[in-house]
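Q: Here is a sequence with its predicted model. Questions after.
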Amino acid sequence: MPYSKVITLEQYIVDQQSMYKDAQGSLSKIFRALELAAKMVNRDVRKAGLADVLGSHGTSNIQGEEQKKLDVIANNMFISSLARSGEVCMIISEENEDIFFVDGADSEKYIVAIDPLDGSSNIDVNASIGSIFSIYQRKKNQLSPCLVDCLQKGKHQVAAGYFIYGSSTMLVYTTGLGVNGFTLDDSIQEFCLSHPTIQIPADGKIFSLNEGNQDEFSQGVKDYIDFCKAKDKESSRPYSARYIGSLIADFHRNLLKGGIFIYPATFSAPNGKLRLLYECNAMAFLIEQAGGLASSGEGRILDIIPTELHQRTPLFIGSKNMVEKALSMLNTDQASETLA
Ligand code: AHG
Ligand code: MN
Ligand code: MN
């Protein structure tokens, strides 16, 4: 790209600022904080085999999952950077049991939810991982920051996005005015606009889910998998199966190429695995802004009223026509179960 055409994230945000009546530069400060943390995580990821950041931290998070060293490092980096932004009163994280209240920031109006390191199981094997964030404003009627402010529907997100530490490092985000992607230019350490106005194709040829759990899926999900694998020239089936095990990496590929990602309810985990506040809401906001759909199988992800910080939800997300098809097969399943 000719130098004169390069648009840095900072420049892009300043240009956009005029569109938000209420923004007053606060969002740009939060983005600067997220960007700084992501650059530090990126630095550690890039030399992970050399620095002492691989392997287990020897602790578990609130969900009982083993914490990797990089989970803990990334969590600390995002929290300390956001806390220093001066704009955030509360931070909630997949890695923390409780809300992190920022000292002396009770009057600030922003809340940030983070999955500081997504795809932990891929850290040690050098596959793509990422960081996810959602930004909310406090509810106006609360006197001081509290849990109720954090338990807002996803449709109230002010901004959301992710950093992906892949073959290149990217930021993909939305503020409700479409989705844009920025690639980190290592030589100048700046995120530069590389994927303006991302739209997901309405149809795709990729399905992504952990088929190892097939025995645990409902009949509707099994039927949809069979549909994906069935030969049909007109609809380009069979689709290709692609599943890395990092939501961000699977999501990012499907966003650019078209596809569906599913993490359904299973018999042993009726709410699925993925977390509403740290993972699904951000992805749902992005996919809708890119022209796709996100559902729990029972309704729109962005309409779910959270009742607890670490709540999980099943997720069907991706190209509009593919998600609609999957949901129609679930409904058939439910209808026939009701009839039985
Ligand atoms: P995290 O690393 O933040 O705990 O998230 C892992 C998630 C998600 O990234 C991925 O899609 C999913 O776990 C994979 O789960 P399975 O290993 O059960 O397929
Ligand atoms: Mn995750
Ligand atoms: Mn995580």
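A: Received the coordinates, thanks. Ligands and ions are numbered 1, 2, ... in the order given.

Q: Count the residues that sit near whatever residue of the stretch 201-340 of the chain ends up closest to ligand 2.
A: Relative to ligand 2, the nearest point of the stretch 201-340 of the chain is Glu279 (5.0 Å; Cβ to the ion). (Each C-beta comes from the backbone N, C-alpha and C, glycine too.) Glu279: 25 surrounding residues under other Cβ atoms under 10 Å.

Q: distance of it from Lys47?
A: Using Cβ to Cβ, to the nearest Å, Glu279 is found at 27 Å from Lys47.

Q: Same question for Val53.
A: To Lys47, Val53 is 8 Å away according to Cβ to Cβ.

Q: Between these two, which is the more surrounded one?
A: A count of neighbours by other Cβ under 10 Å puts Val53 above the other of Val53 and Lys47, at 20 against 9.

Q: Once you drop chain neighbours, what's closest to Gly58?
A: Take Gly58 and drop its neighbours on the chain: the residue closest to it by Cβ to Cβ, 6 or more residues apart in numbering is Gln67, 8.0 Å away.

Q: right, and Cys89 touches Pro145 too?
A: Yes - counting by Cβ atoms under 8 Å, Pro145 is a contact partner of Cys89 at 4.2 Å.

Q: Quickly list what's touching both of the two.
A: Common neighbours of Cys89 and Pro145 are listed as 101, 105-106, 111, 138 (criterion: Cβ atoms under 8 Å, 6 or more residues apart in numbering).

Q: Helix, strand or coil: sort out the closest residue to the residue of the stretch 201-340 of the chain closest to ligand 2 other than its chain neighbours for me.
A: Leaving out its chain neighbours, the residue that sits closest to Glu279 by Cβ to Cβ, 6+ apart is Asp115, at 5.3 Å. Assigned state for Asp115: strand (three-state reduction, DSSP: H, G, I helix; E, B strand; the rest coil).

Q: looking at it, Asp115 is touching Ser131, isn't it?
A: Yes - the pair Asp115 / Ser131 is scored as a contact, 6.8 Å apart, by Cβ under 8 Å.

Q: so what's Met19 scoring on pLDDT?
A: We have a pLDDT of 68 for Met19.

Q: so where's this protein shaky on pLDDT?
A: Scanning the chain for pLDDT under 70 picks out 1-4, 19-24, 332-340.

Q: Please identify the residues of it in proximity to ligand 2?
A: Within the chain, the positions lying close to ligand 2 (Cβ under 5 Å from the ion) are 115, 118, 279.

Q: try 8 Å
A: With Cβ under 8 Å from the ion as the criterion, the chain comes near ligand 2 at residues 94, 115, 117-120, 132, 246-248, 274-275, 278-279.

Q: I'd like the residues you listed laid out as TSV, including distance to Ala230 and secondary structure.
A: Formatted as TSV, the residues of the chain next to ligand 2 follow (distance: Cβ to Cβ, whole Å; DSSP: H, G, I helix; E, B strand; the rest coil):
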residue	distance to Ala230	secondary structure
Glu94	37	coil
Asp115	34	strand
Leu117	37	strand
Asp118	32	strand
Gly119	30	coil
Ser120	34	helix
Ile132	33	strand
Ser246	28	coil
Leu247	26	helix
Ile248	29	helix
Leu274	27	coil
Arg275	33	strand
Tyr278	35	helix
Glu279	30	helix
